[in-house]
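J.: Quick one, what's the 3D model for this:
(4 chains)
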Protein chains: 2
Amino acid sequence: MNKRITIKQIAKALSVSISTVSKALNDSYEISDETKVKIQEYAKLHKYKPNSLALSLQNKKTKTIGVIMPTVLNRFFARVLNGIESVAAEKGYNIITCITNESYEKEMHTIDMLSNGTIDGFIACLSEETLKLQKFDHFKNLLEEGTPLVLFDRVDKNIECDKVVIDNVKTAYKATRFLMKTGCKNIAFVSTIESLNVGRFRAKGYLKALTKYGRNPDENLIIREESEDNLTEKLHKMFDSKKVDGVFTIDEAAGAITLQVIHSRGLKIPEDVSIIGFTSGILSKYSVPPLTTVNQFGVKIGEHSAKRLIDKIEEKIEIDDFTTDIIKTELIERETTKKMFIEF
Amino acid sequence: MNKRITIKQIAKALSVSISTVSKALNDSYEISDETKVKIQEYAKLHKYKPNSLALSLQNKKTKTIGVIMPTVLNRFFARVLNGIESVAAEKGYNIITCITNESYEKEMHTIDMLSNGTIDGFIACLSEETLKLQKFDHFKNLLEEGTPLVLFDRVDKNIECDKVVIDNVKTAYKATRFLMKTGCKNIAFVSTIESLNVGRFRAKGYLKALTKYGRNPDENLIIREESEDNLTEKLHKMFDSKKVDGVFTIDEAAGAITLQVIHSRGLKIPEDVSIIGFTSGILSKYSVPPLTTVNQFGVKIGEHSAKRLIDKIEEKIEIDDFTTDIIKTELIERETTKKMFIEF
DNA sequence: ATGAAAGCGCTAACAA
DNA sequence: TTGTTAGCGCTTTCAT
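T.: Numbering: from 1, shown residues only, chains lettered A, B, ... in the order given. Next comes the predicted model:
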């Protein structure tokens, strides 16, 4: 239980001055090789480690970035976190992670707590509640103070900062079009994230695709919920009343539950019903059958966000040069959709 | 872009001394109400926030804990992280998360980086490589320096510290027994984590249960791998050569792949084959059919670890009072096992 | 009731 | 080549 040793103690032990020790440890040319060696050996022997708080206090850089996540119990966010962590680590940054659980209160409180010198910059995904309330002052304050901020996935035009997103409309458009191409006539849309703008954008893309190809959107085929409660029921009702041969589910819960419902009705996938999900999912690769999904490239989103933030922190980019970067998505064809047979 | 204001600036602006400001902001009785109000209002107006680095430097407490995770792309670990974060937040602690990706190098490096004053204590889960190499010096150094450490899930008897684990042998024993109770005669064991001691403990529990109830373990029914490569193949081979009516899969990948294989062979679940998985899984609740699993209570493990660590940090427990706490597990009966029909 | 000064661990400009 | 000093932002004795 030998507590950590400081530069001061080394100085005393070797009867040299504090600054000599500091310089020797930083391998300064000002110090003679002899004393340098002496000091460095002593330091190594006693496992000296510079106190990073003192360093940070000095140069006003903490080499740590704050990451604000709505949740981490969702594959997509876990992937993003992973991406952030990997580039942060690579560049010598630590990450402080906060999970808001979609709460505005916690999000605000966290940012408040951390914007006091502990952190060089933030990467955040807006919580559901924040989006609903449209209260962004905590972020605006941050920006006013000159703290770099990168928002990913769930962003808002009222916050002017760097953003890393996917093109939700386009992605949904393409997924829907894909279902049409594989011969689906009655394509349903299922969402449990109607409260999020990303959810609404995906709905938009779905509608756009239908319209574009001359299909009339049928409101009985559209389930836009704010939570997964009663979704099973609603799905059964839909399948009872309508002939559905394709489903586009835009979030984790929607995909999983739809798959269960289809199975439980004894429908064949993809012969009777095709289904496309969003990567966030608990399922995809390992579901039965493996789910055709939109891959959001969560890791890439995380990596990109971290890179952008660190460039900002290290002033490789002008502080007020804001971009909105769009990470492209990809449709991964697995076994819940038929092979494409129409050339559109 | 108005940079953060300091106590010094307030002092100058109001032409009082620095210490007066400090005291006023801390609501000291030494300061007259008049100046207190004056200072506090000025501070509020200018959004003064004490620099936490300076504070930490002073009182040698950073109110942040380091969390070392092998991965976060696994439901179990994500849950643990969630549990840790929630109690940390509640108690005013921040968490710095590091993901080792099962690498000894990264684990060691991380601990090295962080044990320099940034952190009050660690919660860690040993990486696979560390366990294999049996190199624990980084943790031992930590403990020698007097840094509190809580290890969870994957622990090692060579590290003397607080531990939070499940009883793997017992849990596996019970799961296997459950399969027997529901009438399974030929119970297979599938693992892709043979390199982890938790994996080997689970195998032990499985074997123990069989033996206890007079069944001879059949090595052709036991698949103990270190990775998921070729698992599909091996499973098919097993099903080809043996009549299997029950499978106990002890990790995420094993469960998912086994489920796929069973489906692809057209076997009925649970009529032809029963299967029990471990909660870590990508599947369970949302799989088809919903998987009967061992619930490891990841959130609870996280919460418990965090509580224990914080108690240590805040010296509510003697620093050298080490315990190994066992979080109990639970079998969640879903639809991949038959109803129990034998009273054991 | 207020302020001066030392110190947390370190760096860096300046002096010797 | 080495040491002195000031200072990062703050708290806390100890004067005044």
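J.: The nearest residue to A:Ala54 once chain neighbours are set aside: neighbour count?
T.: The shortest distance from A:Ala54 to any non-neighbouring residue, by C-beta to C-beta, 6 or more residues apart in numbering or on different chains, is to B:Leu57 (5.9 Å). Where C-beta positions appear, they are placed from N, C-alpha and C, glycine not excepted. B:Leu57: 16 surrounding residues under other C-beta atoms under 10 Å in any protein chain shown.
J.: tell me what the helix or strand harbouring B:Leu57 is packed against?
T.: Applying DSSP states H and E as the criterion places B:Leu57 in helix B:52-59. Counting contacts by 3 or more C-beta pairs under 8 Å, 6 or more residues apart in numbering or on different chains; DSSP states H and E, helix B:52-59 packs against helix A:52-59.
J.: The residue nearest to A:Ala54 against A:Leu57, yeah?
T.: Yes. Here B:Leu57 reaches A:Leu57: they are 5.9 Å apart, a contact under C-beta atoms under 8 Å.
J.: Centroid-nearest residue for chain A?
T.: A:Val80 (4.0 Å; C-alpha atoms, centre = their mean).
J.: Name the nearest residue to that residue, sequence neighbours excluded.
T.: A:Gly302 (3.9 Å).
J.: and that neighbour, what element?
T.: Here A:Gly302 is assigned to helix A:298-313, by DSSP H and E.
J.: helices and strands around whatever helix or strand comes next after that helix, which ones?
T.: Later in the chain than helix A:298-313, the nearest helix or strand by DSSP H and E is strand A:324-326. When contacts are defined as 3+ C-beta pairs under 8 Å, 6+ apart, strand A:324-326 packs onto strand A:162-165.
J.: after the strand it packs on comes which helix or strand?
T.: Using DSSP H and E, the helix or strand that follows strand A:162-165 in sequence is helix A:168-181.
J.: how about A:Arg79, what does it touch?
T.: Counting by C-beta atoms under 8 Å, 6 or more residues apart in numbering or on different chains, A:Arg79 touches A:298-299, A:301-302, B:73.
J.: And the furthest pair within these?
T.: A:Ile301 and B:Leu73 (14.3 Å; C-beta to C-beta).
J.: out of the contacts of A:Arg79, who's nearest A:Lys44?
T.: Set against A:Lys44, the nearest of the contacts of A:Arg79 by C-beta to C-beta is A:Gly302 (36.4 Å).
J.: Helices of the stretch 101-250 of chain A, residue ranges please.
T.: A:104-114, A:128-133, A:137-144, A:168-181, A:197-212, A:231-241 (DSSP state H, counting those that start in this stretch).
J.: which of the ones you listed is buried the deepest?
T.: Most buried of those by mean neighbour count (mean count of other C-beta atoms under 10 Å in any protein chain shown) is helix A:168-181; its value is a mean of 22.
J.: Quick one: residues in contact with that helix.
T.: Contact partners of helix A:168-181, identified using C-beta under 8 Å, 6+ apart, comprise A:187, A:189, A:198, A:201-206, A:208-210, A:212-213, A:215, A:246, A:248, A:250, A:274, A:276, A:294, A:329, A:331, A:337, A:340-342, A:344.
J.: cutoff 7 Å now
T.: Residues from elsewhere that reach helix A:168-181 (C-beta atoms under 7 Å, 6 or more residues apart in numbering or on different chains): A:187, A:198, A:201-202, A:204-206, A:208-210, A:213, A:246, A:248, A:250, A:274, A:276, A:294, A:329, A:331, A:337, A:340, A:342, A:344.
J.: lowest average confidence, helix or strand, in chain A?
T.: helix A:252-264 (a mean of 90; mean pLDDT, DSSP states H and E).
J.: Report the angle between that one and helix A:197-212.
T.: Counting by axes from the mean of the first three to the mean of the last three C-alpha atoms, to 10 degrees, helix A:252-264 lies at 50 degrees to helix A:197-212.
J.: Number of residues surrounding the residue of the stretch 101-250 of chain A found nearest DNA strand C?
T.: Among the residues of the stretch 101-250 of chain A, A:Gly117 lies closest to DNA strand C, at 12.6 Å counting by C-beta to the nearest atom of the strand. For A:Gly117, the tally of surrounding residues (other C-beta under 10 Å) stands at 20.
J.: Return the backbone torsion pair for it.
T.: Backbone torsions of A:Gly117, given as degrees, to the nearest 10, read phi 110, psi -20.
J.: Write out the residues of the stretch 101-250 of chain A neighbouring DNA strand D.
T.: Proximity of the stretch 101-250 of chain A to DNA strand D (C-beta under 7 Å from any atom of the strand) is limited to residues A:Gly117.
J.: Just want the residue of the stretch 101-250 of chain A that's nearest DNA strand D.
T.: Nearest residue of the stretch 101-250 of chain A to DNA strand D, counting by C-beta to the nearest atom of the strand: A:Gly117, 6.9 Å away.
J.: Give me the distance between that residue and A:Asn59.
T.: Using C-beta to C-beta, to the nearest Å, one gets 12 Å for the distance from A:Gly117 to A:Asn59.
J.: And the helix or strand containing A:Ala88, how far out from the chain middle?
T.: Assigned by DSSP H and E, A:Ala88 belongs to helix A:75-90. Distance, stretch centre to chain centre, for helix A:75-90: 8 Å (C-alpha atoms, centre = their mean, to the nearest Å).
J.: next one: stretch A:43-58
T.: On C-alpha atoms, centre = their mean, the centre of stretch A:43-58 falls 33 Å from the chain's centre.
J.: does DNA strand D sit close to that stretch?
T.: Yes. Stretch A:43-58 comes into contact with DNA strand D (C-beta under 7 Å from any atom of the strand), by way of A:54, A:57-58.
J.: Need these in a markdown table (columns: pLDDT and distance to A:Leu14).
T.: Listed next are these as a markdown table, based on pLDDT from 0 to 100; distance: C-beta to C-beta, whole Å:
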| residue | pLDDT | distance to A:Leu14 |
| --- | --- | --- |
| A:Ala54 | 96 | 20 |
| A:Leu57 | 95 | 25 |
| A:Gln58 | 93 | 23 |
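J.: which one of A:Ile301 and B:Leu73 has more residues nearby?
T.: Taking neighbours as other C-beta under 10 Å, A:Ile301 and B:Leu73 compare with A:Ile301 leading, 25 against 19.
J.: Give me the neighbour count for A:Thr147.
T.: 24.
J.: A:Lys243 now?
T.: 10.
J.: can you pull the contacts of it?
T.: A:Asn186.
J.: for A:Val67, helix, strand, or coil?
T.: strand (DSSP: H, G, I helix; E, B strand; the rest coil).
J.: Got the confidence number for A:Met1?
T.: pLDDT recorded at A:Met1 is 61.
J.: for chain A, which spans come out with low pLDDT?
T.: Where chain A drops to pLDDT under 70, the residues are A:1-2, A:280-284, A:341-344.
J.: What residue spans form the domains of it?
T.: Listed by automatic domain parsing, the domain ranges of chain A are A:7-50, A:56-164+A:298-327, A:168-296.
J.: Make CSV out of those and add distance to B:Gln9.
T.: Shown next, in CSV, are those (distance: least, C-beta to C-beta, whole Å):
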stretch, distance to B:Gln9
domain A:7-50, 28
domain A:56-164+A:298-327, 14
domain A:168-296, 40
